[in-house]
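Visitor: Give me a 3D structure for the following:
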Amino acid sequence: MRRLILALPLVLAACIEPDVPTGKADFADFCASCHGISGKGDGEAAAHLERKPADLTRIAARNGGTFPGTKVMAKIWGYTGGRDGASPMPGFGPLLQGELVPYDGGDGIQTPTPVRLVQLAEYLKSIQE
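Guide: I've put the predicted structure just below:
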């Protein structure tokens, strides 16, 4: 009986906190069809798009060697900077909502950010060439 009482909090915690996919898993689920599993813009759907998807392994290179985390997360979320309809990329904000964590996307400001969005941005940062 004592083991059951000690294990009960662990069982309850497992029921309450759902598994959060990794950034790599979310990339595979949401991004790879267009950007390719390697992130180079060569996904299966790319051939059917009017404009070739960006090579996501070169984000930092296109930004003077610095990965612009806040800008990347805004793009993923669906914020187009007032250029409504300027991007063929859909916004993924509703799919990435959930627990918030403090995160500095490179602008020096700790901002409450959905953990899945942080993980996806960090994954993209990890594949930079």
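Visitor: Low-confidence ranges, the protein, go.
Guide: Along the chain, the model assigns pLDDT under 70 to residues 1-18, 80-86.
Visitor: Spell out the residue ranges of the helices in it.
Guide: Using DSSP state H, the helices of the chain run over residues 2-16, 23-30, 32-35, 59-62, 69-77, 93-96, 115-126.
Visitor: Turn these into CSV, including distance to Asp104 and mean neighbour count.
Guide: From N, CA and C alone the C-beta is placed, and that goes for glycine too. Shown next, in CSV, are those (distance: least, CB to CB, whole Å; neighbours: other CB atoms under 10 Å):
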stretch, distance to Asp104, mean neighbour count
helix 2-16, 28, 9
helix 23-30, 16, 17
helix 32-35, 25, 19
helix 59-62, 16, 16
helix 69-77, 8, 20
helix 93-96, 18, 15
helix 115-126, 10, 20
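Visitor: Nearest to Pro102 among these would be which one?
Guide: With CB to CB as the measure, helix 115-126 is the member of those nearest Pro102 (9.5 Å).
Visitor: Need the helices of the chain in TSV (columns: distance to Ala47).
Guide: As requested, the helices of the chain are arranged in TSV below (distance: least, CB to CB, whole Å):
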stretch	distance to Ala47
helix 2-16	42
helix 23-30	19
helix 32-35	10
helix 59-62	22
helix 69-77	22
helix 93-96	24
helix 115-126	22
